[in-house]
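Engineer: Give me a model of this one.
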Amino acid sequence: MRRSEVRAAQKRAAAMFEQTGIALTPHERENIEVAGFGLGDLESQGLELVTYINTDRYCAKELVLFPGQTCPEHLHPTVGGNPGKMETFRCRYGVVYLYVEGENGGTIQAEVPAGSEAYYTVFHEVELHPGQQYTIPPGTKHWFQAGEKGAIVSEFSSTSRDEFDIFTDPRVERMPVVVED
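Structural biologist: Here you go, the predicted model:
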C-alpha cells in the first residue's frame with residue numbers, strides 16, 4: 001500500500017471519530033493503523049485501528065470500517081501456551097455485520113468481497129447497532145463488515161497478538177507493508 005493511501009485512510013478515519021464524538025489525541029490521530037491486508041483493495045477489504053493499550057493481560061482498541069469495508073475471516077490461535085484472544089466488540093457507530101462459527105440462517109446481509117468468496121466460510125450472522133456488543137471466544141473464525149454508513153467498534157480483549165492471527169485467505173498479509181510515494 002502506498003503512503004498516500006495510508007494518509008488518506010487515516011484522515012478519513014479521524015473524521016469519522018470526530019463526527020461521532022470519540023476524542024483522540026494528536027498522536028493517536030497521526031498513528032491510526034491502516035490494515036490493507038496486502039489485498040490491494042482497501043475500500044473492500046481493510047480496517048483502520050487505534051490501539052489505546054495492549055499489555056500481557058489486556059487490550060483496548062477502536063476499529064473503523066468504511067462503508068461496506070470488510071475485515072477478512074480470521075481467528076486468534078493459542079500462542080506460547082496462552083489461549084487465543086477473546087474479544088468483545090461493542091458497536092459505537094453505524095451497523096456491523098459480524099459472522100462467526102455456528103448455524104447459518106440461510107441468507108446474510110453483508111456482501112462477501114468479490115474474488116474472495118472461497119475464503120469466507122462462516123456465516124452465523126450477528127448484527128450489531130450502537131450500544132450492542134458480542135464476545136468472540138478464542139479460536140473462533142470470524143469476519144465483519146460495516147453497513148452503508150461505515151462503523152466504529154470498540155474492542156476489549158485479552159492480549160492482542162495480531163502478527164499470529166490466522167486468516168482463511170492465504171494471500172492476506174496482516175502486518176502492513178507501506179511503500180513511500
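
Engineer: For stretch 58-67, which outside residues touch it?
Structural biologist: Outside stretch 58-67, the residues within contact range by CB atoms under 8 Å, 6 or more residues apart in numbering are 9, 12-13, 16-17, 22, 32, 43, 46-54, 71, 85, 89, 92, 94, 96, 144-160. Backbone N, C-alpha and C define where each C-beta goes, glycine included.

Engineer: ok, and for it, which residues are buried?
Structural biologist: Applying a neighbour-count criterion of 16 or more other CB atoms under 10 Å, one finds Cys59, Lys61, Glu62, Leu63, Val64, Leu65, Phe66 buried in stretch 58-67.

Engineer: name the element the third one belongs to?
Structural biologist: Secondary structure assigned from DSSP states H and E places Glu62 in strand 59-65.

Engineer: Note down every partner strand of the lengthiest strand in the chain and its orientation.
Structural biologist: Criterion DSSP state E: the longest strand present in the chain is strand 142-157. Under the criterion DSSP bridges, strand 142-157 sits next to strand 59-65 (antiparallel), strand 70-75 (antiparallel), strand 87-100 (antiparallel) in its sheet.

Engineer: The second one - what's its average pLDDT?
Structural biologist: Confidence over strand 70-75, taken as the mean pLDDT, stands at 98.

Engineer: Please compute how far it lies from its chain's middle.
Structural biologist: Between the mean C-alpha location of strand 70-75 and the chain-wide mean there is a distance of 7 Å, by CA atoms, centre = their mean, to the nearest Å.

Engineer: Would you agree Arg90 is in contact with Phe156?
Structural biologist: Yes: the pair Arg90 and Phe156 qualifies as a contact (CB atoms under 8 Å) at a distance of 7.2 Å.

Engineer: relative orientation of the strand or helix carrying Ala15 and strand 87-100 in degrees?
Structural biologist: Here Ala15 sits within helix 3-19, counting by DSSP H and E. Relative orientation of helix 3-19 and strand 87-100, computed by axes from the mean of the first three to the mean of the last three CA atoms, to 10 degrees: 110 degrees.
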